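1. quick one, fold the following:
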Amino acid sequence: MEKKDTWWDALRFAIILLAIIIPFRMFIAQPFIVHGASMDETFHQSDYLIVDELSYLLRDPVRGEVIIFKNPMNEKQYFIKRIIGLPGETVTVRDNKVTISKGGAIINLEQPYIGSESTRNAYKKLGTDEYFVMGDNRAVSWDSRYWGALTRDKIRGRAFLRLFPFTQIGYLPGYYQYK
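-> Below you'll find the predicted structure:
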């Protein structure tokens, strides 16, 4: 009887574990490995992140957060970029300076996180569910300057934890709170 109880206990443990892990992975947090150089110097190739998928069910994304989202041109691929423009704003990128305007107010963004500059300019009026996102390594980033606004339904979550490399473990990696 002891062997039968041991198998039953192991099966019960596995079922409980799956009942916890599967919903957690599907609805709360996902692992994400950075590919490419579009977020250098903030993130590098093979950085291992945990993506918070729950927060945006409770609140809207904010400027400065680093998000993971479905590529608007190929939804099987995911990108990592920084939120620059919010719904209802107009974003102007000229000579590596970003200006945000909404209702007569104008904001010139501080961007201490930029890894490289670019000659690519852009102008975009955002709709009610649209965001303007850019990589920190502007010279190589394929972002809203090229394919336009990102709709809210494409956003998967925000970078919540960096677990690798071990020397850079941190909470809300890359987040920049604008003044």
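2. okay, now the unreliable bits of the protein?
-> Within the chain, the stretches with pLDDT under 70 are 1-5, 17, 19-27.
3. tell me the helices in the chain, going along the chain?
-> Remark: helices assigned in the chain by DSSP state H are 2-23, 55-58, 144-147.
4. do a quick rundown of the strands in the protein.
-> Here the chain has its strands, by DSSP state E, at 29-33, 48-52, 66-71, 74-85, 90-94, 97-102, 105-108, 122-125, 130-134, 150-151, 155-164, 170-171.
5. out of those strands, deepest packed?
-> strand 130-134 (a mean of 25; mean count of other CB atoms under 10 Å). In this view, the C-beta of every residue, glycine as well, is placed from N, C-alpha and C.
6. who are the packing partners of that one?
-> Contacts defined by 3 or more CB pairs under 8 Å, 6 or more residues apart in numbering; DSSP states H and E place strand 130-134 against strand 74-85, helix 144-147, strand 150-151.
7. tabulate those (JSON lines), appending distance to residue 65.
-> Shown next, in JSON lines, are the helices and strands packed on strand 130-134 (distance: least, CB to CB, whole Å):
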{"stretch": "strand 74-85", "distance to residue 65": "5"}
{"stretch": "helix 144-147", "distance to residue 65": "15"}
{"stretch": "strand 150-151", "distance to residue 65": "13"}
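8. could you find the residue nearest the spatial middle of the chain?
-> Nearest to the geometric centre of the chain sits residue 67, at 1.1 Å (CA atoms, centre = their mean).
9. any idea how far that one lies from residue 87?
-> 14 Å (CB to CB, to the nearest Å).
10. and if you look at residue 137?
-> Separation of residue 137 from residue 87 (CB to CB): 25 Å.
11. so for these two, which sits in the more crowded spot?
-> Applying other CB atoms under 10 Å to residue 137 and residue 87 shows that residue 137 carries more neighbours, namely 22 against 17.
12. what residues are up against the more buried one?
-> Shown in contact with residue 137 (CB atoms under 8 Å, 6 or more residues apart in numbering): 37-41, 114-116.
13. the closest residue to residue 168 other than its chain neighbours bridge partners, please.
-> Leaving aside its sequence neighbours, residue 168 sits nearest to residue 162 (CB to CB, 6 or more residues apart in numbering; 5.6 Å). Beta-bridge partners recorded for residue 162 (DSSP bridges): residue 49, residue 170.
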